[in-house]
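Enquirer: prediction below, plus the sequence it came from.
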Amino acid sequence: MPIRCDDVLNLYLGGGLPPPFLEEVSEVYIDPVLQKRILRKLDTRLAPLFCALYFLSYLDRSNIGNAAIAGLTEQLNLSGAQYSTAVSVFFATYVSAIFPLVLALRKIKTHRGITIMAAAWAIVTVGTAFVKSYGALVACRLVLGLCEAGFFPCISLYITMVYNRKEQGLRFAYLFAATSFSGMFGGLIATGITKIGEAGGLRSWSWLYIVEGLISLLIVPFVWYGLPEKPADAKWWTPEEREAMLIREQQRLEYMGREKFDWTQVRSALKEWRVYTGALIQFFQDIILYGFSTFLPSILRNGLGYSRMEAQYLSVPVYLLGGISFFIAATIGDKYGLRGSVLLFLDVFAVIGYALLVASDSNAVKYAACYLIALPLYCGPGLNETWIVNNTAPHYRRATALGLSQAIGNIAGVVAPQLARFGAHFHGTDFGPAYLLQDSELEER
């Protein structure tokens, strides 16, 4: 029997559609023009918040790379080992807290949890500007890791609540493009602040933390008031759009599953070998991401011999290319339903890029190799996460798989800086094969 939009609305408010109606709703035709209008509103009202938050979270965790060449290591008198530990220790709390936070956040409304996390990491970032010792820096990094731990899984699950399966790849591209822009704008911000030098009794690296932390604080009210708990409840829908959103929600539930918590779903995910395979893939993709993105300014300064200022702004186009490549890859992936094959294809460019960094003596070739490495830099982790959420259901099975992949994948954040130390000690202070991750200036201390 035909279903009217009013019937869908009443049944939705009553707790969901019963199976006969759900089956028919799955076949309801939504005008493509209306679909495009809905996606346009979602992409202009919600996606900017997602991107701004992820941009700032990644900026605040990775700005230690820019701070290092802006005077942090000299003022705190850090050795190479201490700097590597300060970078790595963020992931000690980040990795250990991801999984329990994903489950705990089910007790808190999504927009509240995201807002609290954003406010917390912003405050910690500002506080880092005033550290006077290695121990204080490590403490701030530990707390920062705890504050950011649940954010990405929470945002990822929200995306699966808002967008249909074939729409998600491009929206994850928005997120990971934000990380590339964080590297790009982080370099620009660092360049500007480095020019200022010391002001108000604080050196430029301190002002870097203050400025970036305050920017994060400014976004918090927009998240609190702009992120609806349920997408269909947003005030900016017309009646026709709201009814279509309710139909989309019911259609999504067919393959995503309902959001009622069930420990059986958690146990099922923990027993599934494919979940661990996805997490292992995430780990290796994150090795590329964290190693390269965090240490790129140091690679340019100490490996290729550029000045501090040049190293900051020469990193900008590399990050930009990484973001653009993800948009292209995600669009192709969504159109043809491909994830793994696109990911594998792009990883080949990283292999070639690293080989050139190792084998070439030309700085021009080495800098060009950085662009090759940037092609899968954000695509790898992003496409793999999309792959995981597309193929895991119902809701809390997906949440568990996502939390596990993030926990295991982000161990790469601990490993990458230690590879830098190993490479420096194994090859000396020259930039041999492991210079991809090392900061030779620090190792010479």
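Expert: Here it is on my side, so go on. As the structure is a computational prediction, the values presented were derived from the model and not from experiment.

Enquirer: where does this structure dip in pLDDT?
Expert: Scanning the chain with the threshold set as pLDDT under 70 gives 1-29, 105-107, 183, 253-262, 294, 312, 393-395, 417-445.

Enquirer: so what touches the one helix or strand residue 384 maps to?
Expert: Using DSSP states H and E, residue 384 falls within helix 379-390. Helix 379-390 is contacted by residues 156-157, 159-160, 165, 168-169, 172-173, 175-176, 275, 278, 281-282, 285-286, 288-289, 322, 325-326, 329-330, 333, 339-340, 342-343, 346-347, 350, 398, 401-402, 405, 409 when judged by C-beta atoms under 8 Å, 6 or more residues apart in numbering. Using the backbone N, CA and C atoms, a C-beta is placed for each residue, glycine as well.

Enquirer: list only buried entries from those.
Expert: 156-157, 159-160, 165, 168-169, 172-173, 175-176, 275, 278, 281-282, 285-286, 288-289, 322, 325-326, 329-330, 333, 339, 342-343, 346-347, 350, 398, 401-402, 405, 409 (16 or more other C-beta atoms under 10 Å).

Enquirer: which stretches in the stretch 1-150 of the chain count as helices?
Expert: 5-13, 19-25, 32-45, 47-62, 64-67, 73-75, 80-104, 110-128, 134-148 (DSSP state H, counting those that start in this stretch).

Enquirer: from the chain's centroid, how far away is the helix or strand that comes right after the helix holding residue 384?
Expert: Sequence-wise, the next helix or strand downstream of helix 379-390 (DSSP H and E) is helix 395-409. Computed by C-alpha atoms, centre = their mean, to the nearest Å, the separation of helix 395-409 from the middle of its chain amounts to 14 Å.

Enquirer: which elements pack onto helix 395-409?
Expert: helix 80-104, helix 151-162, helix 263-271, helix 273-298, helix 379-390 (3 or more C-beta pairs under 8 Å, 6 or more residues apart in numbering; DSSP states H and E).

Enquirer: quick one: list the elements packing against whatever helix or strand residue 176 lives in.
Expert: Using DSSP H and E, residue 176 falls within helix 168-196. Helices and strands touching helix 168-196, by 3+ C-beta pairs under 8 Å, 6+ apart, are helix 47-62, helix 64-67, helix 151-162, helix 204-226, helix 273-298, helix 308-336, helix 379-390.

Enquirer: may I see the buried residues of that helix?
Expert: For helix 168-196, burial by neighbour count (16+ other C-beta under 10 Å) applies to 168-187, 189-191, 193-194.

Enquirer: repeat for stretch 63-81
Expert: Here stretch 63-81 shows 63-73, 76, 78, 80-81 as buried, counting by 16+ other C-beta under 10 Å.
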